[in-house]
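A.B. asks: here are the coordinates; sequence isn't available:
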């Protein structure tokens, strides 16, 4: 794997100077200041590359911008409304500009309205650090009592609705505000969070869009942009729904292995691929991450390696982001499947045999605490995760070289 690091640009509290010391060699970044649907110009792309290439004292960092995360797909494209055709034209030209700059891996998602969703951005764990958490009852409080979405109470398990009602009855305003702010945090790196009124507006516009319709819109989008990516030698990779189950009545179409299979078969081009996020997909107990890597690994273009601890077997139940090797996802088995896939690619002569990976999210520990960094993106917590993942990869790579293909672990 090529070890990379997500960087949100010059306003990120983690500096390029810091990233050099983590052991990462590539950067995952985006032009967060450019509105969704607008063109990414060569000048803006070059400016971000320059920011990555240099430390604060002007000396070379040795880092390169390897992965775009994300080149956003606008809500207009997802809904096929308004200026969606103009946005697709801008997307194609942005791909042209990224290819000209030498950037070949582009991550995106097709989640309606809100990207990742949590109810607590800094939940305290046993060792004294903090992490992000999705509490099913707290989310039901947001949906039923704060957002007041009609029919919301019928979409949760009975025990979750009961727990939400009891909790809401004694909840103070500060906690209600905290839950709403966490749920509406929006896209990481974005300048603004959504408001309740804006969420209601989006929900109303999605009211007539079924999962099948949204999937058809994704296929239409990919049918337009994949030929451009293929011609340019780019790799598009769709991030899964996070969490991978329906929220607020919105359609979810990238939550399971079958969802991914349907999309890559519908637009059957190697440029149309997968961002395998072990944390997002791992929030469902029926997602087999090592097996998914074995079966669909040839289309995995980007890896997010993080772990979650599922707190309940209920579909749509609570979970929190655990240490990278300590959650419900068998990370050792997953990395074993990745090592096998990369070796297979080398044997077949694929130029992309080394898959870019970033240690996704992390718990706030030590000096991360109180630093006020981007939720989920602490410096020390991610560096700890990267070190753990690197150790597992090195051990399994050595075993592969000694014994050949690794068995299912």
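C.D. replies: All right, it came through fine. In this text the structure is predicted, and so the values were computed from the model without any measurement.
A.B. asks: Leaving out the residues flanking it, which one is nearest to residue 71?
C.D. replies: Excluding the flanking residues, the one nearest residue 71 by Cβ to Cβ, 6 or more residues apart in numbering is residue 106, at 5.1 Å. Where you see a C-beta, it was placed from the backbone N, CA and C, and this is true even at glycine.
A.B. asks: which stretches of the stretch 251-400 of the chain aren't confidently modelled?
C.D. replies: For the stretch 251-400 of the chain, applying pLDDT under 70 flags no range at all.
A.B. asks: what are the ranges of the strands in it?
C.D. replies: Remark: strands assigned in the stretch 251-400 of the chain by DSSP state E, counting those that start in this stretch are 272-277, 300-305, 308-310, 319-321, 356-359.
A.B. asks: bridging residues for the residue nearest to residue 71?
C.D. replies: residue 68, residue 236 (DSSP bridges).
A.B. asks: Pull the number of nearby residues for it.
C.D. replies: Per other Cβ atoms under 10 Å, the neighbour tally for residue 106 reads 27.
A.B. asks: Who are the contact partners of the closest residue to residue 280 other than its chain neighbours?
C.D. replies: Setting aside the residues directly before and after it, residue 280 is nearest to residue 242 in space (Cβ to Cβ, 6+ apart), at 3.8 Å. By Cβ atoms under 8 Å, 6 or more residues apart in numbering, the contact set of residue 242 is 111, 115, 116, 117, 277, 279, 280, 283.
A.B. asks: Could you pull up the contacting residues of the closest residue to residue 244 other than its chain neighbours?
C.D. replies: Computed as Cβ to Cβ, 6+ apart, the closest residue to residue 244 that is not its neighbour in sequence is residue 255, at 3.5 Å. Each residue near residue 255 by Cβ under 8 Å, 6+ apart is listed here: 240, 241, 244, 245, 281, 284.
A.B. asks: I'd guessed residue 276 sits against residue 300; true?
C.D. replies: Yes: using Cβ atoms under 8 Å, residue 276 is in contact with residue 300, at 4.9 Å.
A.B. asks: and these two? which has more neighbours close in?
C.D. replies: A count of neighbours by other Cβ under 10 Å puts residue 276 above the other of residue 276 and residue 300, at 28 against 21.
A.B. asks: Could you report the neighbour count for residue 283?
C.D. replies: Count around residue 283 with other Cβ under 10 Å applied: 28.
A.B. asks: how much space is there between it and residue 116?
C.D. replies: Plainly put, residue 283 is 10 Å away from residue 116 if you go by Cβ to Cβ, to the nearest Å.
A.B. asks: what is in contact with those two at once?
C.D. replies: Joint contacts of residue 283 and residue 116 (Cβ under 8 Å, 6+ apart) are 242, 243.
A.B. asks: Give me the residue at the spatial middle of this protein.
C.D. replies: In the chain, the centroid-proximal residue (Cα atoms, centre = their mean) is residue 239; its distance is 5.4 Å.
A.B. asks: picking up where we left off before, can you put the strands of the stretch 251-400 of the chain in a markdown table and add distance to residue 202?
C.D. replies: A markdown table is the format used below for the strands of the stretch 251-400 of the chain (distance: least, Cβ to Cβ, whole Å):
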| stretch | distance to residue 202 |
| --- | --- |
| strand 272-277 | 23 |
| strand 300-305 | 25 |
| strand 308-310 | 26 |
| strand 319-321 | 25 |
| strand 356-359 | 29 |
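A.B. asks: so residue 297 makes contact with residue 338?
C.D. replies: Yes: under the criterion of Cβ under 8 Å, residue 297 makes contact with residue 338 at 7.4 Å.
A.B. asks: Those two: which is more packed in?
C.D. replies: Neighbour tally, residue 297 and residue 338, criterion other Cβ under 10 Å: the higher count belongs to residue 338, 26 against 19.
A.B. asks: That one and residue 294 touch, don't they?
C.D. replies: No: Residue 338 is beyond contact range of residue 294, at 9.8 Å (criterion: Cβ under 8 Å).
A.B. asks: Tell me, how many residues neighbour residue 117?
C.D. replies: Neighbour count of residue 117, defined by other Cβ under 10 Å: 21.
A.B. asks: on that earlier part again, could you pick out which of the contacts of residue 242 are located in helices?
C.D. replies: Judged by DSSP state H, those include 279, 280 as members of helices.
A.B. asks: For residue 226, state which of the contacts of residue 242 is nearest.
C.D. replies: Closest approach to residue 226 among these (Cβ to Cβ): residue 111, at 19.3 Å.
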